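# Quick one, structure for this:
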Amino acid sequence: MSENFTIKQSISENIQDVNTFFDNIPECEDDFTFLQDINSFETAHLLLQESTNSSNSENSKEWEEDSATQSITTESTEPENDMSIPQVTEKALTACAVVDIVDGKIQCCGKTENLRRLWQLVGMWQLDKLMVESVGRDLDKLGVCYSHFMFDQNKLHSEGIKKSKNILESLIHPRRCRYCGINYYFFSRGKFCAEHSWKLLGKHIQILCTGQKSCRALEGFEPIIIKAQSNYKARYICCECYEKEGGHLHIKPGRGKNESNCHLEGKHEQDLVNSLELINKWIISSNNTQLQMKILNLIVPALQILDSENNNTLHNTFIKLPPSLFSIKTIFKLYKIKINNSNLTPNECSQIGSNLAENLEKSHKEFKNFQLLESPNSLDEYQLALPKLIYSLFKGMISNLLENKRKKANKK
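Modelled structure (predicted):
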């Protein structure tokens, strides 16, 4: 029985074919098709276009040195690269090939009991790369566990959606993640999921359906963010980058437990402030004076709320929720707006040090036990004894250094 679930060792010829395939994916030309609706948001859209055009030549050298971005420029967005899954039922199945949050981390599900055929799913799922490559051309051998099969059918999509999509349209899409530039495989029935595919400022993106079950990282905000009607030159985003950039995959609760909700758990509390800081950095870092003047002219009228009469009017006006931090980050990524936070001047570093010292002095109550800092019994004890400001400072520096080393290693 176990033989049915044993994944075949990857044949060297198959791996070579896969590597050759990704190396020869045609370069994608950027599509700058813009929305034609004349409204207040069109101005912001045009400003973004101006900024992109003015910064492309100045930042071209930086982009060439960015290994992740360099690989992204050759990403596949063409449907002819998709692979159809034959509907064969006689062959033994691999373990569940779906990538999801399992035991608290993003990894292949790998369950081997009560399996179904992968092509019986309907939504957009990321697949385990090694498992897809191990079956070679026999894509019909890929399996999915009963748990993911039922979740996809009954919880993740509206009732009856399977009837609207022909099972013969089950596809595997070899794509590179728009953020990290790493090659992945994605499954969907049909070219895209109409319920969970989006169009941001004229560009299509594909996000895992399970990332939109409870997280509102992507919501309509016309005309900037709208539901996609096709997958034209769609950019894909992998599970890890979706979570890293502000989204959250759905975590299936255990028996007798309530479903987790990233918004109720406060995981998006800083999104508004972080979004404002991100847009602020974009404006300040731009070398386009005309762009900065236009944006300032758009922002200045907001000062009217300081007047008491206008302030009362504002309180009586419905305020729509703005796009999420993930949406803003993704728009910048799609339009290659690179915000460099590393070029600090000596004066800025000095100011950061002064601000840190002032905040440490205000939070001196955190220094409750100097003995733990001088002679800790364990690393965890030392970490807990450190003021949060100091701990966060070193965490940010070390994490960034490790991430840069990882990118360089992947490039090799």
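
# tell me the domain boundaries of the chain?
The record's domain parsing of the chain by automatic domain parsing lists 1-255+288-295+320-340, 346-411.

# Figure out how far the longest one is from the centre of its chain.
The one in question is domain 1-255+288-295+320-340. Relative to the centre of its chain, domain 1-255+288-295+320-340 is centred 9 Å away, using CA atoms, centre = their mean, to the nearest Å.

# Over to the last one?
The offset between the C-alpha centroid of domain 346-411 and the centroid of the whole chain comes to 27 Å, using CA atoms, centre = their mean.

# Now tell me what touches the helix or strand where T330 lies from outside.
Using DSSP states H and E, T330 sits in helix 325-334. Residues outside helix 325-334 that contact it (CB atoms under 8 Å, 6 or more residues apart in numbering) are 48, 178-179, 200-201, 203, 205, 217-218, 221, 224-225, 235, 237, 242, 245-247, 268, 271, 274-275, 278-279, 282, 337-339. (C-beta placed from N, C-alpha, C; glycine too.)

# After that helix, which helix or strand is next? Please name it.
By DSSP H and E, the next helix or strand past helix 325-334 is helix 346-362.

# And that next one, what does it pack against?
When contacts are defined as 3 or more CB pairs under 8 Å, 6 or more residues apart in numbering; DSSP states H and E, helix 346-362 packs onto helix 388-411.

# got the angle between the helix it packs on and helix 346-362?
Interaxial angle of helix 388-411 relative to helix 346-362 (axes from the mean of the first three to the mean of the last three CA atoms, to 10 degrees): 140 degrees.

# so which of the domains of the chain comes closest to L264?
domain 1-255+288-295+320-340 (9.2 Å; CB to CB).

# Just the mean pLDDT for that closest one, thanks.
For domain 1-255+288-295+320-340, mean pLDDT is 79.

# quick one: the helices in the protein?
Counting by DSSP state H, one finds helices in the chain at the ranges 12-23, 40-65, 67-72, 129-134, 146-150, 239-244, 271-285, 289-299, 308-315, 325-334, 346-362, 370-374, 379-385, 388-411.

# centroid residue for the protein?
Y242 (2.4 Å; CA atoms, centre = their mean).

# Enumerate every residue touching the residue lying closest to that one once chain neighbours are set aside.
Distances taken as CB to CB, 6 or more residues apart in numbering place G211 nearest to Y242, at 5.2 Å, with adjacent residues excluded. Each residue near G211 by CB under 8 Å, 6+ apart is listed here: A217, C239, Y242, G247, H248, L249, H250.

# What count of nearby residues applies to E243?
Using other CB atoms under 10 Å, E243 has 18 other residues around it.

# again with L386
18.

# ok, now the one 3 residues further on?
Residue crowding around L389 was assessed by other CB under 10 Å; the count is 15.

# wait, it sits on L356?
Yes: if you go by CB atoms under 8 Å, L389 and L356 touch, sitting 6.2 Å apart.

# What is the neighbour count of D152?
Neighbour tally, D152, other CB under 10 Å: 24.

# hang on, it packs against L121?
Yes: using CB under 8 Å, D152 makes contact with L121 at a distance of 5.0 Å.

# rewinding a little: I'd guessed the residue nearest to the centre of the chain sits against L249; true?
Yes: the pair Y242 and L249 qualifies as a contact (CB under 8 Å) at a distance of 6.9 Å.

# what touches both of the two?
Joint contacts of Y242 and L249 (CB under 8 Å, 6+ apart) are L208, G211.

# so where's the stretch 251-400 of the chain uncertain?
Where the stretch 251-400 of the chain drops to pLDDT under 70, the residues are 308-318, 340-344, 363-370.

# how much space is there between I284 and N355?
18 Å (CB to CB, to the nearest Å).

# C177 now?
In terms of CB to CB, C177 sits 35 Å off from N355.

# higher neighbour count, the two?
Neighbour count, other CB under 10 Å: between C177 and N355, C177 has more, with 23 against 11.

# which non-adjacent residue is nearest the more buried one?
Closest to C177 by CB to CB, 6+ apart is C238, at 4.0 Å.

# now do I295
Closest to I295 by CB to CB, 6+ apart is I283, at 5.6 Å.

# That neighbour and Q292 touch, don't they?
Yes: under the criterion of CB under 8 Å, I283 makes contact with Q292 at 6.0 Å.

# still on that earlier bit, the residue nearest to C177 is in contact with C180, isn't it?
Yes: applying CB under 8 Å as the test, C238 and C180 come out as touching, 6.6 Å apart.

# and those two? which has more neighbours close in?
Per other CB under 10 Å, whichever of C238 and C180 has more neighbours is C238, with 24 against 20.

# and that one, what does it touch?
So C238 contacts Q126, C177, Y179, C180, I182, Y184 (CB under 8 Å, 6+ apart).

# circling back to that earlier point, just put the domains of the chain in JSON lines and tack on distance to A302.
JSON lines is the format used below for the domains of the chain (distance: least, CB to CB, whole Å):
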{"stretch": "domain 1-255+288-295+320-340", "distance to A302": "12"}
{"stretch": "domain 346-411", "distance to A302": "26"}
